[in-house]
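Asker: Sharing a sequence plus its predicted fold:
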Amino acid sequence: MTQTSNVQRNLALQRQWYGEPLGDRVRRLVVAFRISQAQLAEVLGISAPMLSQVMSGRRAKIGNPSVLARLVMLERKVLIPGVAAGDSDAIRQALEDVRHSRPAVGRDYLPVSQATGEEAAWPVLRQVARPGELEAVAAMIEGQHPGLAGLLRRAAHDDGD
């Protein structure tokens, strides 16, 4: 099998396993966090050459589930208001949180939400606000935006992730 066909096969596998090529996901993180690919590799706990190989399709997968969990954690942290706004302190804190995380992964648990619909928003909302804050905002917007207020209340009170 030629190198080109290997890369195409690996990229197809990445689409199947991860929803899209890992290079696309990694590039979005590099831009969002304003860091180099090597810095991102260090945050994820993977070597820069290995990350490059995965991004280019020379390798099909990230073999370490903790690295994949950190990648997903960073993707979620892009949604934190300060990070989304480009605040350097918020970006630095998000990167440090992920760098020092020790995700518990195993055959029966990978900290990647399987939630769909509005339930997918709940962990993100809980990450940026406490239940009391979600309730307070829901009360403020109830009259004009009852659907959104309900979402905030459900996020504040649901115990399952």
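Answerer: Sure, I can see it. Residues are numbered from 1 along each chain as shown.

Asker: Helix or strand: which one has the residue most central in space within the chain?
Answerer: In the chain, the C-alpha nearest the mean C-alpha coordinate belongs to E75, at 2.3 Å (Cα atoms, centre = their mean). Under the criterion of DSSP states H and E, E75 resides in helix 65-77.

Asker: picking up where we left off before, so what's the residue nearest to the centre of the chain up against?
Answerer: R25, R28, L29 (Cβ atoms under 8 Å, 6 or more residues apart in numbering). Any C-beta I mention is one placed from the backbone N, CA and C, and that applies to glycine too.

Asker: The helix or strand of the chain with the lowest mean pLDDT - contacts with which helices or strands?
Answerer: The least trusted helix or strand in the chain, going by mean pLDDT, DSSP states H and E, turns out to be helix 122-128, with a mean of 79. Contacts defined by 3 or more Cβ pairs under 8 Å, 6 or more residues apart in numbering; DSSP states H and E place helix 122-128 against helix 65-77, helix 146-157.

Asker: quick one: buried residues of the next helix or strand after it?
Answerer: Using DSSP H and E, the helix or strand that follows helix 122-128 in sequence is helix 131-141. Residues of helix 131-141 classed as buried by neighbour count (16 or more other Cβ atoms under 10 Å): L134, E135, V137, A138.

Asker: for stretch 86-100, same thing?
Answerer: Under the neighbour-count criterion of 16+ other Cβ under 10 Å, stretch 86-100 has A90, I91, A94, L95, V98 buried.

Asker: what's the longest helix in the protein?
Answerer: The longest helix of the chain (DSSP state H) is helix 3-18.

Asker: Compute the mean per-residue pLDDT across it, please.
Answerer: When pLDDT is averaged over helix 3-18, the result is 90.
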